[in-house]
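*Asks:* Model the structure of this input:
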Amino acid sequence: MTGLGPRLPRLHLLDALAADRGAVLHILRLVLAAVTVGAVVGFGVGGPEPFDVLQLVALWLLATGGAEAIGRTGLVSPERLATGLLLVDGVWLALIRHNTGGTTSGLAALVIVHLVAATMLTGHRTGLRLALWHGVLAMVGYVAEISSGHDARLDALTTDSGAASVMAVAGLLAVAVTVAVFSSVNERELRRGRADMEALAAMSTVLHNTAVLDEMVATGLTRLQMSSGMARAALLVRWQDAYLLWGPDGRRHSDQLIVTGDDLHVRQAWSEQRTALVGQLSPIADPDLAAALPGARNVVIVPLVAGGEPFAVMAVERGGRTWSQIASSRVTLIEQLAERLALGVHSALLHREVRRLADADALTGLGNRRLFDERLVQEFGRHHRTGRPLSLVLIDVDHFKQVNDSHGHPVGDEVLRVLGTLIGAECREIDIACRFGGEELVVVVPDAGHAAAVVLAERIRGAVAGHAALPTPVTVSIGVASAPLHATDAAGLVAAADAALYASKEAGRNRVTVADVDPTGALVDPARAGVASGR
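*Replies:* Below you'll find the predicted structure:
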């Protein structure tokens, strides 16, 4: 199975199965030989002269045993050998029947035993061909019986034997068709079960090998659609106080539209905790799912549970006419695939939350210093690879020491907490806002030059000045620096932004200053950078 180990080449796998069938057929031949010998010796089925029958048994066992020995040398493939020996079995059974009474032989039932066993072992197509072969041999035996003149009353023999032979052939075909039908159904179910297991294993492999959330969902949805034969699929996840929605292309719709989680069938699925079939999604009753699967018909809604609480819904569209039937086996597969994907997403979200908490500053809710150092190096690496600009906005609370001295540290902490909220609200999703240390906050601004960074810095400065949520009025001074204009590495960018921040303090605070370069383009020496807490 995919993802659980190396797969054998198809030819080798068929050879192995053929070899196993050969061993079972060999046991069957021994049983048929034992039954024949017992019938001849114990019950006199072969008449007063059983030697011919016993001789046929011995020759048959020697011939098949020798053929199997040759097959082990590799000169003949196991599959061809098994087919050839089945034809030999048919000839032997016809001779046994002819020598033990012809159409009235008590050993005629051995043909049916052989036919049923061979069909179950080799497949319905081989079974039908073998039934025709036995029928041909039965007719040949009938002709031989007539020619030998076993009964003086040739007309009666002809009539009786002919009818019996025709009935025997018809019976063989009926048995072969019946067994072949059930064998075909069994094989189809086995193949479906194996395909389902491979699909589940492939889904597990996808989840195991993919760490990025959106990539995991996109690949998982594609795998689910392919494995279940459905047209489209969408995943809605309730995470904390928000909803995440992915469409069939793996695109996260919750980034472009508001997802409320108020869909009728989503709430119903979570309430009843059972899979349901919806004929058509309505944009009014199911606005979220209808946005991800516009015009969807025949949608399987699968509620998903983690930790005893419903947290997600998988919507899988079949298409076609409204309320058309979907096989229960397919619904079961969809449920199993959806469960694996949703639990993988849940684990990824938990891991992301743990990582966020580990990287977060407990007071401001922004990133901590460790995250800042890590992400700044990463963004500088991307800056060097792509040539896209990179800016840094360094923020310091004016007269913060006086706030602590006059109002106490709890008020100072509340000021920093509110500042963290204000700064996070002004930043883009790709910006990285962190607490740099003490009352200093910093924002890494990817793909933005100093002009765009100044716009962000002014928005932050204006949002802080006189904000009603602050326990006491404060202002901030901000320094802005950009690469490659002001620095060529991470440490230089921090030093340039710090020098600009110092210039804002020197110029009277509550302002934004951009780092300078001299006329030759060389970076200004930030010797005065590193203003102490309380500046």
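*Asks:* Test my guess that Leu245 contacts Trp239.
*Replies:* No - the pair Leu245 and Trp239 does not pass the contact test of CB atoms under 8 Å, sitting 11.0 Å apart. The way it works is simple: take the backbone N, C-alpha and C, and place the C-beta from them, glycine included.
*Asks:* Which one's more surrounded, those two?
*Replies:* Here Leu245 and Trp239 are set side by side on neighbour count (other CB atoms under 10 Å), and the busier one is Leu245, at 23 against 16.
*Asks:* Look up phi and psi at that one.
*Replies:* Geometry field for Leu245 lists phi and psi as phi -130, psi 120, criterion degrees, to the nearest 10.
*Asks:* all helices of the stretch 1-150 of the chain, in order?
*Replies:* When secondary structure is read from DSSP state H, counting those that start in this stretch, the stretch 1-150 of the chain shows helices at 10-43, 51-72, 78-99, 109-122, 124-148.
*Asks:* Can you add mean pLDDT and give those helices back as a markdown table?
*Replies:* Supplementary listing: those in a markdown table, determined by pLDDT from 0 to 100:
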| stretch | mean pLDDT |
| --- | --- |
| helix 10-43 | 72 |
| helix 51-72 | 87 |
| helix 78-99 | 87 |
| helix 109-122 | 83 |
| helix 124-148 | 78 |
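*Asks:* residues in contact with Met90?
*Replies:* To be clear, residue 90 is Gly; Met isn't right here. Gly90 makes contact with 114, 130, 133-134, 137 under the criterion CB atoms under 8 Å, 6 or more residues apart in numbering.
*Asks:* which of those are buried?
*Replies:* Applying 16 or more other CB atoms under 10 Å to those, the neighbour count classes 114, 130, 133-134, 137 as buried.
*Asks:* of all these, which comes closest to Arg251?
*Replies:* For those, the closest approach to Arg251 (CB to CB) belongs to Leu130, at 55.3 Å.
*Asks:* and the next element down the chain from the helix-or-strand element of the chain with minimal mean pLDDT?
*Replies:* Comparing every helix and strand of the chain by mean pLDDT, DSSP states H and E singles out helix 154-209 as the least confident one, with a mean of 67. If you walk from helix 154-209 toward the C-terminus, the next helix or strand you reach (DSSP states H and E) is helix 213-228.
*Asks:* packing partners for the helix or strand that contains Cys434?
*Replies:* Secondary-structure element containing Cys434, defined by DSSP H and E: strand 432-437. The elements that strand 432-437 packs onto, with contact taken as 3 or more CB pairs under 8 Å, 6 or more residues apart in numbering; DSSP states H and E, are helix 369-386, helix 409-426, strand 440-446.
*Asks:* Would you mind getting the angle between the first one and strand 440-446?
*Replies:* Note on geometry: by axes from the mean of the first three to the mean of the last three CA atoms, to 10 degrees, helix 369-386 and strand 440-446 are set 30 degrees apart in direction.
*Asks:* And the next helix or strand past helix 369-386?
*Replies:* Helices and strands here follow DSSP H and E; after helix 369-386, the next one along the chain is strand 390-397.
*Asks:* chain center to that next one: distance?
*Replies:* Distance, stretch centre to chain centre, for strand 390-397: 43 Å (CA atoms, centre = their mean, to the nearest Å).
*Asks:* and Ile326, which of the three is it?
*Replies:* Following DSSP: H, G, I helix; E, B strand; the rest coil, the label given to Ile326 is coil.
*Asks:* so what's the residue lying closest to it once chain neighbours are set aside scoring on pLDDT?
*Replies:* Excluding the flanking residues, the one nearest Ile326 by CB to CB, 6 or more residues apart in numbering is Arg318, at 5.8 Å. At Arg318 the predicted local distance difference test score is 87.
*Asks:* how much space between Gly101 and Leu337?
*Replies:* Computed as CB to CB, to the nearest Å, the Gly101 to Leu337 distance reads 59 Å.
*Asks:* And for His450?
*Replies:* Counting by CB to CB, the gap from His450 to Leu337 is 50 Å.
*Asks:* same check, this time on Val445
*Replies:* Computed as CB to CB, the Val445 to Leu337 distance reads 41 Å.
*Asks:* Report how many residues lie close to Val179.
*Replies:* Under the neighbour criterion other CB under 10 Å, Val179 is assigned a count of 21.
*Asks:* show me what contacts it?
*Replies:* With contacts defined as CB under 8 Å, 6+ apart, the neighbours of Val179 are 115-116, 119-120, 124, 127.
*Asks:* cool, Val415 as well?
*Replies:* With contacts defined as CB under 8 Å, 6+ apart, Val415 is in contact with 397, 400, 403, 470-472, 474.
*Asks:* now those in TSV, with distance to Leu75 and neighbour count?
*Replies:* Output for the contacts of Val415, formatted as TSV (distance: CB to CB, whole Å; neighbours: other CB atoms under 10 Å):
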residue	distance to Leu75	neighbour count
Val397	89	24
Phe400	91	20
Val403	94	24
Leu470	92	18
Pro471	93	15
Thr472	96	12
Val474	93	23
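*Asks:* Filter those residues down to the ones in helices?
*Replies:* Among those, the ones falling in helices (DSSP state H) are 400, 403.
*Asks:* Can you lay out the contacts of Val415 as CSV showing distance to Lys505?
*Replies:* As requested, the contacts of Val415 are exported to CSV (distance: CB to CB, whole Å):
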residue, distance to Lys505
Val397, 11
Phe400, 12
Val403, 16
Leu470, 20
Pro471, 23
Thr472, 20
Val474, 14
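*Asks:* which of the contacts of Val415 lies closest to Ala327?
*Replies:* Closest to Ala327 out of the contacts of Val415 is Leu470 (62.5 Å), distances taken as CB to CB.
*Asks:* got the contact list for the closest residue to the closest one other than its chain neighbours?
*Replies:* Among residues not flanking Leu470 along the chain, Val418 sits closest, at 5.4 Å (CB to CB, 6+ apart). When contacts are counted by CB under 8 Å, 6+ apart, Val418 is found next to 467, 469-471.
*Asks:* ditto for Val442
*Replies:* Val442 sits in contact with 372, 392-395, 433-436, 497, where contact means CB under 8 Å, 6+ apart.
*Asks:* Ok, Val35 next?
*Replies:* Applying CB under 8 Å, 6+ apart as the definition, the contact partners of Val35 turn out to be 107, 110.
*Asks:* From Phe51, how far out is it?
*Replies:* Counting by CB to CB, the separation of Val35 from Phe51 is 18 Å.
*Asks:* swap in Leu422?
*Replies:* Here the criterion is CB to CB. By it, Leu422 lies 108 Å from Phe51.
*Asks:* Equivalent analysis for Arg369, please.
*Replies:* From Arg369 across to Phe51, the span is 100 Å (CB to CB).
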